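> next come a sequence and a model predicted from it.
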Amino acid sequence: MSQTFIEILRRALDEELARDRAVHLLGEDVAAGGAFGVTRGLAQKHGETRVRNTPISEAAITGMATGAALCGLRPVLEIMFIDFATLSLDCLVNQSAKYRYMSGGQLSVPMVVRTQAGAAGGAAAQHSQSLEAWFIHVPGLIVVAPSSPLEAYGLLKSAIRMEDPVLFIEHKRLYTMREEMPATVELPPIGRARVARVGDDLTLIAYSAMVTTALEAAEELARSGISVEVIDLRTLLPLDMRTIATSVSKTHRALIAHEAVLNGGVGAEIAARIGSELFDELDAPVTRVGCPFVPIPFAPELERALLPGRENIVRAARELLGTQG
Amino acid sequence: MSQTFIEILRRALDEELARDRAVHLLGEDVAAGGAFGVTRGLAQKHGETRVRNTPISEAAITGMATGAALCGLRPVLEIMFIDFATLSLDCLVNQSAKYRYMSGGQLSVPMVVRTQAGAAGGAAAQHSQSLEAWFIHVPGLIVVAPSSPLEAYGLLKSAIRMEDPVLFIEHKRLYTMREEMPATVELPPIGRARVARVGDDLTLIAYSAMVTTALEAAEELARSGISVEVIDLRTLLPLDMRTIATSVSKTHRALIAHEAVLNGGVGAEIAARIGSELFDELDAPVTRVGCPFVPIPFAPELERALLPGRENIVRAARELLGTQG
Amino acid sequence: MKDPGSISLSSMNGLLGGLCRIRQFELQVQRLAASGEVPGFPHLSTGQEAVAVGVCAHLTSEDKLFTGHRGHGHVLAKGSDIEATFAEIIGRDTGLCRGRGGSMHLVDAEHGVLGATGVVAGNLPLAAGAAWAAQALGDSNISVVFFGDGATGAGVLHETLNLASLWKLPILFVCENNGVAEFTTREEHSNVSKVSAFAAPYAMPTRTIDGNDVLAVHEFAGDAIGSIRRGEGPYLLECMTYRMAGHFVGDAQQYRTKDEIAAMREKDPIERLKRHLLAQGLAQGEIDATVEGARRQVLDAVERARAAGRPAPSTVGEYVYKSVSLDGISG
Amino acid sequence: MKDPGSISLSSMNGLLGGLCRIRQFELQVQRLAASGEVPGFPHLSTGQEAVAVGVCAHLTSEDKLFTGHRGHGHVLAKGSDIEATFAEIIGRDTGLCRGRGGSMHLVDAEHGVLGATGVVAGNLPLAAGAAWAAQALGDSNISVVFFGDGATGAGVLHETLNLASLWKLPILFVCENNGVAEFTTREEHSNVSKVSAFAAPYAMPTRTIDGNDVLAVHEFAGDAIGSIRRGEGPYLLECMTYRMAGHFVGDAQQYRTKDEIAAMREKDPIERLKRHLLAQGLAQGEIDATVEGARRQVLDAVERARAAGRPAPSTVGEYVYKSVSLDGISG
Ligand SMILES: Cc1ncc(C[n+]2csc(CCOP(=O)(O)OP(=O)(O)O)c2C)c(N)n1
Ligand SMILES: Cc1ncc(C[n+]2csc(CCOP(=O)(O)OP(=O)(O)O)c2C)c(N)n1
Ligand SMILES: [Mg+2]
Ligand SMILES: [Mg+2]
């Protein structure tokens, strides 16, 4: 029987806590189950010293997770909304990401920062952002953005086993997504993308919740005879250019879709790399679909009007293939 | 007789303080002249209540500048190093940038955040970063990065007169640059780039201290008969695509140079836009020159080895034109 | 209940009306949230209304108010229009922020409501900045910021207390200490139970009072605001209160015990004021009239708000910038 | 000068050696900076050495130390090799961090120097995290963090004090209160002159002492560390001291008055200890031998450091990641 993203993510945390005594969870209300229930029951099972509530002190708890990681723990920190990761940024960028380099390789920071992002249901301007682009600009960090419950299960376990700091971004719209938990799941390597759907006419690159939207768009386009290959990036830093290159060298057309505002987004880096590394392969300009340059509004009609969806992808794909209408 | 960047910037602040009683400066040690002497003498001249020292409280002083801007002041806040702007980010991104939108246009935030960025002289990993890319991803902000003393003079004055929050980035290497102060300087509009050198074979796009480097590279390339057009962006957000398009439509080749690490940098957005909007104009892939994905090291040999310079631009330009050696 | 002191029976009855309007307003938020009419996850101040009413009774629309995620009551008490406030919370074009802000981002510049932030403690330095502006421009307005006990975990609160005392700013810090932050109690957030203790290092005047006694809040807020208006600098008023509602509408509240729920009515600031007014000799009929009047007033406003139009999708890009266009920007 | 208490004359002489090594080390940093041999803008602890020496005398290499921008003395006192430390400060490949870190980012894991941060107060939560790890792993080590009075302006300091007391962490907070931050005095940063006042709300044990009296620092740091090792939780030791050097090498120090400079020598912790040792009956010859021994030891190490090679430019990309390659990344 199927389980939600939250349940499957909880299972990954539960198993990692059981596997390695060094793993510790901390964050606001995590011992009480967390704001979204991801950590429910884990404190009771693994003890309040290993699943620890914190005050509302994003800066300090990020620093503490970093300091603890220097000293043998493997902290998994929950930052409730990526919008509040702004308060963790000094530590993440100036300390966590640079520790190994500044120490000449003496120390490293094996920690995972789990956070929740994206727009849905009127969470409004300060609880809806997609800020992953900031973090792919920071040497020393790893950035992971799973697209489904099972992807999250494997990627979170792999992330917890890394020796470098990982930002693990969970989209709020994914929390209710359900999948069947198979007997065994092999852990996907960090830094490797996945071909989510095979196709010939166009490479559609997405990550996080946008992968589902991309697959729906591919399905719709298939009905009008357009064969779309969908790539789920999984890891945004480092980026798996090999998988992208292989696909674009076949389709000769690339479309990138993400929820974040386009300007300065992750799509810009991907488009720039395809444009320079695969210049001769391209039969059409690399196109991006994303959010217009506007904060996330509160009213549902406005939120809906702003967020890129299936139709935006379908329209962009048709334009790219010169098959409007 | 010529003056330094710092002296000319001080003059701009002095004149704006005299012009508009609403203008107030605040920041760490600004009444004592500031860490780099930009504000020297201004407290004595305009009063300690208008040029105000603060404690080491980046988060609170950014919030106070924002709150004051909502209530009729035009604060000019100094954040000593952009590396510490990480501590201002919650306020800048979640409050300052979104206030106008979230209030449905009732309020706006006319404030300027002056900060200092870039690598030079062994300032090392936490005092050398170029983080402008984060800010061009934030709807509601304006980002300005002057390339010379006179450019800074005009752009700072224009920035102080804007009705939206402006991040004003001063590169530490520019502080000692000298220029002659003419009798009158007309204020450059925010959002408009400048053609710093006219050329035909290649469009070289740069900003901040990299513009000087770009002009040197253009000079060197001219000696081997390559005519380079150099664009000084001045404003990174909003971006002046018109000026870029006009140039690239003429040269059919674009090279972007900045000091920030390439991955997820401002150059990615520019390359992505040229690649999609000027696809048919391009005779060669859009190329980027920037910092490898490494924190800024302390040792001079390493710092030098890492930072992109004239040679990197010249080499990239020759490759772009297929005229190696 | 606090000795009424100077305040008249009719003013007390007025305070009762203020309490009832907020209570009724949030009952409607809760009711319509259940039927899916309220986007997002509104946080109700039910049980804490006395703080908003007692403090704002002393403010003019020139004074600046900043609140946070649990701010409906503060905004109404400051004088914002009930219909426009409700319209914003249900995302209508007639809302205070034309539906852009929502429950956690109420702004009503005309009434001095300069904003609400959803980032805990993010409002404190903004309020200090407004106080700095008042000081710099030499006007006599003050700035008031409402925050919860959980905000004391955030460093920026301490940065702001330091700056407010250092610059002697005209600001009132009002902490609604309900002893809980989301699902965890004060004890899990700090060894420091009284928030006023954090103002002590700055020798900032503070008072910790019964925040469910509107008369106490009214009197002590008056004293605090008086000293601020006299130029004596910042003041921290800690109001001990109780969150009768869940953290947000929809919170299952498994963390609450039966006895706790049973004890609630005793604490209810509205019930307490009613009992007091009766004891003071106000007729039951007058009390009922006040309650009923508030109920009607709110219900009518709510219906008008619900009848209002929704923002046009085509306007989604308005209000991003005042002084530049979006041309040069991808999207 | 503090009554020596238990400490022997020869141990006192040993402390003198520690003070002199740091003083001499930084004299060399200053000298070579003048000739352009030191990259960046080093911050000297000249005049504040007694804090480093008095505290670190009680630490093992298993205890974790975190410092900031003015950390040379702390690192040397913790036992790091003089040559490797100096080599790092002049950016050599033989430096503690192979020339990647520099003066503000000294790390020597082997001796428990887990780091220095150039971001004021950024080191405090890291140190608390190290203390949390010690607590979680059940080992008996403690964590020590050195910071300046200016760090009290930073919110994260307050967040960390709260968490350290809430979790009862084995951490010693050592504030070097020199009454100045860059070019501005304590009065311009806060109404709170004593940093220990900020620990009061948490009922965290604190002591404010004469930080230029190495014997006082030694004794009271011993008491503090003892209580932390006994599991009694965090302790804040405030050492009142004086920055004899500029904020950084090259600081013109126009803010300093003539009389202030004249009074300096009186405060100098080294001169004070020398006078005390003489008074206690140690022969001038022995004192001179200690001073000269330290001088020689440092000068020899400095010469070896200067003779060492520079990092190879080709290695600039090493140490960014431990578990992934840079292939997928632009640059
Ligand atoms: C910086 C930040 N971290 C976390 C949150 C999530 N959050 C929203 S309300 C809340 C609890 C706030 O408690 P308190 O300040 O006491 O206010 P109350 O809800 O009790 O009125 C938290 C943790 C947030 N909004 N901002
Ligand atoms: C967050 C941050 N803001 C500003 C600075 C610039 N800065 C470096 S040292 C310093 C003064 C620190 O004073 P204090 O903490 O008392 O230490 P001291 O220099 O007196 O030893 C400042 C403001 C910084 N490094 N970090
Ligand atoms: Mg609370
Ligand atoms: Mg100091």
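Arrived safely, thanks for sending. Ligands and ions are numbered 1, 2, ... in the order given.
> in what helix or strand does the residue nearest the centre of chain C lie?
Residue closest to the mean C-alpha point of chain C, counted by CA atoms, centre = their mean, is C:H74 at 2.9 Å. Under the criterion of DSSP states H and E, C:H74 resides in helix C:72-77.
> just checking, what packs against that helix?
helix C:9-34, helix C:49-56, strand C:64-67, helix C:82-89, strand C:113-116 (3 or more CB pairs under 8 Å, 6 or more residues apart in numbering or on different chains; DSSP states H and E). The way it works is simple: take the backbone N, C-alpha and C, and place the C-beta from them, glycine included.
> which residues touch it?
Identification of contacts with helix C:72-77 by CB atoms under 8 Å, 6 or more residues apart in numbering or on different chains yields C:18, C:21-22, C:25-26, C:29, C:42, C:44-45, C:48-49, C:51-53, C:55-57, C:65, C:67, C:82, C:85, C:89, C:96, C:103, C:106, C:108, C:113, C:116, C:146.
> cool, stretch C:243-258 as well?
A:32, C:26, C:29-30, C:33-34, C:38, C:41-48, C:178, C:180, C:182-183, C:264, C:267-268.
> so which of those residues are in helices?
C:26, C:29-30, C:33-34, C:264, C:267 (DSSP state H).
> make CSV out of those residues and add neighbour count and pLDDT.
As requested, the ones in helices among the contacts of stretch C:243-258 are exported to CSV (neighbours: other CB atoms under 10 Å in any protein chain shown; pLDDT from 0 to 100):
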residue, neighbour count, pLDDT
C:E26, 26, 98
C:V29, 24, 98
C:Q30, 17, 97
C:A33, 22, 96
C:A34, 11, 94
C:M264, 15, 84
C:K267, 14, 93
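> which among the residues you listed gets closest to ligand 1?
C:E26 (13.1 Å; CB to the nearest ligand atom).
> contacting residues for the residue most central in space within chain A?
Centroid check for chain A by CA atoms, centre = their mean gives A:A145 as the closest residue, at 1.4 Å. The neighbourhood of A:A145, defined by CB under 8 Å, 6+ apart, consists of A:132, A:168-169, A:171, A:207-208, A:233-236.
> for burial, what's the neighbour tally of A:I226?
Neighbour count of A:I226, defined by other CB atoms under 10 Å in any protein chain shown: 20.
> ranges for the strands of the chain?
Here I'm looking at chain A. A:2-4, A:23-27, A:51-53, A:74-79, A:112-117, A:142-144, A:166-171, A:178-180, A:194-197, A:202-206, A:228-232, A:235-237, A:254-261, A:287-291 (DSSP state E).
> I was after chain C.
Going by DSSP E, chain C shows strands at C:64-67, C:113-116, C:143-148, C:171-177, C:180-181, C:184-185, C:206-210, C:235-240.
> now for these, which one comes closest to A:A125?
strand C:113-116 (11.5 Å; CB to CB).
> and the closest residue to A:R100 other than its chain neighbours, how far is that from A:L239?
Distance criterion CB to CB, 6 or more residues apart in numbering or on different chains; nearest residue to A:R100, sequence neighbours excluded, is A:S108 at 4.4 Å. Distance from A:S108 to A:L239, counting by CB to CB, to the nearest Å: 21 Å.
> hang on, the earlier thing: can you add mean pLDDT and mean neighbour count and give the strands of chain A back as TSV?
Below are those laid out as TSV (pLDDT from 0 to 100; neighbours: other CB atoms under 10 Å in any protein chain shown):
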stretch	mean pLDDT	mean neighbour count
strand A:2-4	97	15
strand A:23-27	98	25
strand A:51-53	98	24
strand A:74-79	98	26
strand A:112-117	98	25
strand A:142-144	98	27
strand A:166-171	98	26
strand A:178-180	97	13
strand A:194-197	98	17
strand A:202-206	98	29
strand A:228-232	98	25
strand A:235-237	98	28
strand A:254-261	98	27
strand A:287-291	98	25
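> which one of the ones you listed lies nearest to ligand 1?
strand A:74-79 (8.2 Å).
> circling back: what's the closest of the helices and strands packed on helix C:72-77 to D:A216?
Using CB to CB, the helices and strands packed on helix C:72-77 put strand C:64-67 closest to D:A216, at 45.8 Å.
> and that closest one, anywhere near ligand 1?
No - Strand C:64-67 does not reach ligand 1 (CB under 6 Å from any ligand atom); its nearest approach is 10.1 Å.
> what's the separation between A:D232 and A:S276?
Counting by CB to CB - A:D232 and A:S276 are separated by 23 Å.
> sorry, back to before: with mean neighbour count and mean pLDDT added, can I get the strands of chain C in a markdown table?
Putting the strands of chain C into a markdown table (neighbours: other CB under 10 Å; pLDDT from 0 to 100) gives the following:
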| stretch | mean neighbour count | mean pLDDT |
| --- | --- | --- |
| strand C:64-67 | 30 | 98 |
| strand C:113-116 | 28 | 97 |
| strand C:143-148 | 28 | 98 |
| strand C:171-177 | 28 | 98 |
| strand C:180-181 | 22 | 96 |
| strand C:184-185 | 16 | 95 |
| strand C:206-210 | 19 | 98 |
| strand C:235-240 | 25 | 98 |
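> follow-up on the earlier one: count of neighbours near the residue nearest to A:R100?
22.
> tell me, what's the model's pLDDT at it?
If you check A:S108, the pLDDT there is 98.
> from the stretch 51-200 of chain A, which residue is nearest to ligand 2?
A:D90 (7.5 Å).
> now do that residue, the pLDDT please.
For A:D90, pLDDT reads 98.
> need the per-residue pLDDT for residue 134.
I went with chain A, as the question did not name one. So, for A:W134, pLDDT stands at 98.
> try chain C instead
Looking at C:A134, the pLDDT reads 98.
> so it touches C:N141, yeah?
Yes - with contact defined as CB atoms under 8 Å, C:A134 and C:N141 form a contacting pair (4.8 Å).
> the more surrounded of those two?
Shown here are C:A134 and C:N141; by other CB under 10 Å, C:A134 has more neighbours (24 against 20).
> contacts only, for that one.
C:A134 makes contacts with B:71, C:64, C:140-143, C:170, as judged by CB under 8 Å, 6+ apart.
> could you work out the most separated pair of these?
Those two in the contacts of C:A134 that are separated most widely, counting by CB to CB, are B:C71 and C:S140, at 13.5 Å.
> who has more neighbours out of these two?
B:C71 (21 against 11).
> which non-adjacent residue is nearest that one?
B:C71's closest residue in space is C:A133 (CB to CB, 6+ apart), at 3.6 Å.
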